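In: I need the structure of the sequence given here:
(one chain, ligands or ions: 1)
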Amino acid sequence: MRDTPEELLVGTPGRYAREVFHDRHPTLIERVAAAHPYGEAQRSALRALLDESLTGEVRGLPGDAPDWADWDAWDRGYFGRPWAEVPFLWAESYFYRRILDAVDYFRAGPWQGVDPFAPMKAAELADPALDRDFAWVLSLPSSADGLDAVVRASVFGNRADISFRLQEPDAAWSDELLLDDTSRLALALPGSVCVVVDNGGREIMADLVLANWLLDTGRADRVTLHVKPMPYYVSDATASDVDDACARLGRPLDPRIAVRTHWFWCAPLDFRAMPADLADDLRGHRVVLVKGDLNYRRLVGDRDWDPTTPFAAAAVDLGVPVVALRTCKSEVVVGLDGATVAWLDAAEPRWRVSGRHGLVQAR
Ligand SMILES: O=P(O)(O)OC[C@@]1(O)O[C@H](CO)[C@@H](O)[C@@H]1O
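Out: Presented below is the predicted three-dimensional model:
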């Protein structure tokens with residue numbers, strides 16, 4: 001029996017989490033400050049948050065925050081500690097929550113309920129290249145080749161996340177799957193499919209193509225899309241981002257597709273802490289597709305895993321078949337064979353974080 005490895009921390013020198021905080025976040029904060037005509041109060045709160053997260057200690061939410069009690073319960077002694085010593089998963093999630101605080105997202109006033117990332121998401125959807133990139137959707141076969149195509153599009157749509165592109169703006173490679181369990185997805189169908197959604201824009205457009213294809217070919221009888229309850233990780237999809245993606249695709253949401261959300265999706269916890277009501281909801285489906293890098297980190301645990309650890313040993317048992325569709329954009333990866341890892345380590349030092357490689361992993 002393998003030991004569970006240590007959680008990844010924000011400040012470990014030479015590790016990816018530190019890069020995210022020190023290289024990506026300054027650009028992110030600049031972009032958010034410029035996204036709306038915020039006043040000096042919001043802009044200086046954003047700058048203060050960045051400084052705090054780079055050199056200071058984790059401050060709590062203001063007492064009037066609607067989710068103050070939630071964060072108090074999720075604190076494992078991190079408030080008051082240097083950000084550098086806090087687990088990456090917790091700290092990053094809290095950083096996004098604090099962005100909402102800095103821009104007065106929950107406070108009565110002109111910015112209440114205004115998504116700070118909306119202009120960045122809108123710009124992605126306005127890209128005329130999307131018309132060309134989604135033209136293939138019109139000629140999809142209903143055979144297994146069709147399934148391969150829609151699954152791959154959903155996996156590599158995950159490269160498009162905006163926070164990632166702040167650091168890797170030119171990430172455009174051929175689509176390479178390190179592992180492909182699409183056949184196990186096919187075996188789990190037909191039935192109802194749940195998608196734990198990640199990003200809006202290009203990624204959810206691809207997810208909608210996948211959902212529509214599953215429904216149109218009779219592989220699925222209903223699809224549930226679980227989206228974020230609030231703006232998160234820049235481009236993570238909320239319900240309104242699903243609407244926008246449907247409009248961009250030119251196909252209204254199929255009545256067999258339900259959009260749901262849950263507070264847990266923005267909690268700084270891995271899937272071992274999933275509350276019973278949400279776990280019951282997921283178990284009501286034949287198969288659950290877990291999209292994206294962050295959801296992968298939450299599924300297996302944001303830990304310093306040996307990449308040859310079997311996926312089934314690391315991924316939490318949700319009591320329902322799970323298929324993770326993800327491009328590798330953080331250090332966490334499991335389920336690979338030793339030869340592949342040795343080859344990647346030698347050929348491509350940043351293979352775990354570059355977004356080049358994709359995974360379709362079933363449990
Ligand atoms: O979940 P997503 O959108 O696929 O990726 C989220 C992400 O951009 O954020 C993390 C670092 O900030 C990484 O895990 C990953 O690159």
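In: interface residues of the stretch 51-200 of the chain facing the ligand?
Out: When proximity is defined by Cβ under 6 Å from any ligand atom, the stretch 51-200 of the chain lies next to the ligand at 92, 158, 161, 163-164, 198-199. Every C-beta, even on glycine, is put in place using the N, C-alpha and C of the backbone.
In: mind picking the two most distant members of the residues you listed?
Out: Glu92 and Asn158 (16.9 Å; Cβ to Cβ).
In: more crowded one of those two?
Out: Applying other Cβ atoms under 10 Å to Glu92 and Asn158 shows that Asn158 carries more neighbours, namely 27 against 24.
In: let me see the contact set for the more buried one.
Out: By Cβ atoms under 8 Å, 6 or more residues apart in numbering, the contact set of Asn158 is 198-199, 203, 291-293, 325-327, 329, 358.
In: mark which of the residues you listed are part of strands, please.
Out: Those of the contacts of Asn158 mapping onto strands are 291, 325-327, 358, per DSSP state E.
In: so which of those comes closest to Leu8?
Out: Nearest member of those to Leu8, counting by Cβ to Cβ, is Arg326, at 16.5 Å.
In: state the number of residues packed around the residue nearest to the closest one when sequence neighbours are not counted.
Out: Spatial nearest neighbour of Arg326, excluding adjacent residues (Cβ to Cβ, 6 or more residues apart in numbering): Tyr296 at 4.5 Å. Residues lying near Tyr296 (other Cβ under 10 Å) number 26.
In: I'd like the contacts of Asn158 laid out as JSON lines, including pLDDT and neighbour count.
Out: As requested, the contacts of Asn158 are exported to JSON lines (pLDDT from 0 to 100; neighbours: other Cβ atoms under 10 Å):
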{"residue": "Asp198", "pLDDT": "97", "neighbour count": "28"}
{"residue": "Asn199", "pLDDT": "97", "neighbour count": "31"}
{"residue": "Glu203", "pLDDT": "96", "neighbour count": "30"}
{"residue": "Lys291", "pLDDT": "98", "neighbour count": "28"}
{"residue": "Gly292", "pLDDT": "98", "neighbour count": "28"}
{"residue": "Asp293", "pLDDT": "98", "neighbour count": "25"}
{"residue": "Leu325", "pLDDT": "98", "neighbour count": "32"}
{"residue": "Arg326", "pLDDT": "97", "neighbour count": "26"}
{"residue": "Thr327", "pLDDT": "96", "neighbour count": "28"}
{"residue": "Lys329", "pLDDT": "96", "neighbour count": "27"}
{"residue": "Gly358", "pLDDT": "97", "neighbour count": "22"}
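In: rewinding a little: mind checking which of the residues of the stretch 51-200 of the chain next to the ligand land in strands?
Out: Short answer: those have none in strands (DSSP E).
In: residue boundaries of the strands in this structure?
Out: Here the chain has its strands, by DSSP E, at 176-180, 191-196, 220-227, 257-261, 287-291, 322-327, 357-362.
In: quick check: pLDDT value at the residue located most distally from the centre of the chain.
Out: When each C-alpha in the chain is compared with the mean C-alpha position (Cα atoms, centre = their mean), Glu40 comes out farthest, at 30.7 Å. On pLDDT, Glu40 comes in at 98.
In: how close does it get to Ala33?
Out: Using Cβ to Cβ, to the nearest Å, we find Glu40 at a distance of 10 Å from Ala33.
In: rewinding a little: turn the ones in strands among the contacts of Asn158 into a markdown table, columns for distance to Leu125.
Out: Converted to a markdown table, these look like this (distance: Cβ to Cβ, whole Å):
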| residue | distance to Leu125 |
| --- | --- |
| Lys291 | 18 |
| Leu325 | 21 |
| Arg326 | 22 |
| Thr327 | 20 |
| Gly358 | 23 |
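In: and the two most separated of the contacts of Asn158?
Out: Of all the pairs that those form, the one spanning the most space (Cβ to Cβ) is Asn199 and Gly358, at 14.4 Å.
In: packing partners for the helix or strand of the chain with the lowest mean pLDDT?
Out: Every helix and strand in the chain was compared by mean pLDDT, DSSP states H and E; the lowest is helix 162-167, with a mean of 73. On a contact count with 3 or more Cβ pairs under 8 Å, 6 or more residues apart in numbering; DSSP states H and E, helix 162-167 meets helix 25-35, helix 118-125.
In: in a markdown table, list these along with mean pLDDT, mean neighbour count and distance to Asp51.
Out: Shown next, in a markdown table, are those (pLDDT from 0 to 100; neighbours: other Cβ atoms under 10 Å; distance: least, Cβ to Cβ, whole Å):
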| stretch | mean pLDDT | mean neighbour count | distance to Asp51 |
| --- | --- | --- | --- |
| helix 25-35 | 98 | 18 | 10 |
| helix 118-125 | 96 | 17 | 22 |
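In: fine by me, we can end here.
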